[in-house]
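> what shape does this take:
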Amino acid sequence: MAESVYKIIELIGTSPDSWEKAAAAAVARAGGTLRDLRIAEVVTLDMTVEDGKVSLYRAKIKLSFKYEEA
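This is a model prediction of the structure:
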């Protein structure tokens, strides 16, 4: 079996609806330009508050993908 190398990047996804949708948005956007996504780990959840109400959910994730030589 050949050895593999994976790269990990950090992304922050946002959503006005939920943390789950914020994390999914980050993965979906990365999937548009990166191939062979492997694992997404939620690192931090936070939110923006305006006028005493939640206006935006944010999910910081670490996302790994298989590293390929050019």
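
> please count neighbours and contacts with C-alpha atoms only from this point.
Fine.

> how much space separates Arg58 from Gly31?
Using CA to CA, to the nearest Å, we find Arg58 at a distance of 18 Å from Gly31.

> just the strands in the chain please.
Here the chain has its strands, by DSSP state E, at 6-15, 37-50, 53-66.

> note down every partner strand of the first one and its orientation.
For strand 6-15, sheet partners with direction are given as strand 53-66 (antiparallel), following DSSP bridges.

> before we move on, back to that, show me which of Arg58 and Gly31 is the more surrounded one.
Arg58 (22 against 13; other CA atoms under 10 Å).

> for the spatially closest residue to that one that is not a sequence neighbour, give its distance to Ala30.
Excluding the flanking residues, the one nearest Arg58 by CA to CA, 6 or more residues apart in numbering is Thr14, at 4.5 Å. Applying CA to CA, the value for Thr14 to Ala30 is 13 Å.

> these two: which is more packed in?
Using other CA under 10 Å, the more surrounded residue of Thr14 and Ala30 is Thr14, with 22 against 16.

> pull the contacting residues for that one.
By CA atoms under 8 Å, 6 or more residues apart in numbering, the contact set of Thr14 is 21-23, 25-26, 56-59.

> check those and tell me the two furthest apart.
With CA to CA as the measure, no two of the contacts of Thr14 lie farther apart than Ala26 and Leu56, at 14.1 Å.

> in the protein, where is pLDDT below threshold?
1, 70 (pLDDT under 70).

> comparing Ala26 and Leu56, which residue is more hemmed in?
Ala26 (23 against 17).
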